[in-house]
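**Student:** How does the following fold in three dimensions:
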Amino acid sequence: MTAEMKSRLRRSTRTLLEKDGAPGPGPGKIALVMARAGVGKTAFMVGVGLDALLSGQKVLHVTVDRPVEKVRTWYDDLLLEMLKEQHADVSRPAIQLEIERLRHIRTFLGHSFTPERLEDFVTKLGAFADFKPDVIILDRLEMEKPEVRAMVPAIRAIADRAGAEVWMSSRWHREGPPEKPGHLPPPADEIEDQVDLAFLLKHDGTGVRLTLLKDRDRIGRQSMHALLDPTTLLLVPDPAAPSA
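**Tutor:** Predicted coordinates for the structure are as follows:
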């Protein structure tokens, strides 16, 4: 696949975050995605992973209690959708093979995930597979659980040592504890000092809206004027966006 085609396919919201030539939060940093149940946090995370792969970065996708094949299918289906929309006359198997070489998927069953096991796996990937991830996606960790929130500082330290950025997700409850001014919505407020970027995905009448909740040291809701397809969670034209 040519570099031009890869650029055309990139429709993840991660492309809106490019600063200093680097999309996403950057090495050693954490991005958090918040949404109500069923909005599409996993689809969004897969889109982030696929965007990183199309930009030539290596991705480690870690999931809890979800089969590796299920995650691989998410990537394959999203890639197929993107190729159809771009009417790309390219070999899908060849693209999938190229992506497979840049991606590892690891699943942890039950309560077996720990930061120590994550770091051990990252170390083994480097030593035995010559694979050093640029992006680590942690999918389906239940941030509502205090024991998971307690892991975040260790995860950030792992990201720093590995030179990788980390994407995590958290369920947002509209009926939950009230959001305090100047802080992230609960339960993310308890880990906001560990988070560099935070976003909220929320359905409106036309699709899923992306709101920036935290940008480095600044906390406060900012519209990104980004409309996402409710199925793929990829960028689509936003009729309400301000004119350039």
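
**Student:** use CA for all of it now, contacts and neighbours both
**Tutor:** OK.

**Student:** Show me where the chain has its strands.
**Tutor:** Counting by DSSP state E, the chain forms strands over residues 30-35, 59-64, 103-108, 135-139, 165-171, 197-203, 208-215, 218-228, 235-236, given from the N-terminal end onward.

**Student:** okay, now residue 31: neighbour count?
**Tutor:** As a burial measure, residue 31 scores 22 neighbours (other C-alpha atoms under 10 Å).

**Student:** who are the neighbours in contact with residue 151?
**Tutor:** Contacts here follow C-alpha atoms under 8 Å, 6 or more residues apart in numbering; on that basis residue 151 touches 114, 115.

**Student:** Please tell me how far it sits from residue 141.
**Tutor:** 10 Å (C-alpha to C-alpha, to the nearest Å).

**Student:** returning to that earlier point: can you say which of the strands of the chain is nearest to residue 145?
**Tutor:** Of all the strands of the chain, strand 165-171 sits nearest to residue 145, with 10.2 Å by C-alpha to C-alpha.

**Student:** which residues are contacting that closest one?
**Tutor:** Strand 165-171 is contacted from outside by 24-37, 41, 45, 134-144, 156, 159, 187-188, using C-alpha under 8 Å, 6+ apart.

**Student:** what sits against the most centrally placed residue in the chain?
**Tutor:** Nearest to the mean C-alpha position of the chain, counting by C-alpha atoms, centre = their mean, stands residue 45 at 3.4 Å. Under the criterion of C-alpha under 8 Å, 6+ apart, the contact list for residue 45 reads 137, 139, 167.

**Student:** Who does the last one form a beta bridge with?
**Tutor:** Residues in a beta bridge with residue 167, per DSSP bridges, are residue 31, residue 137.
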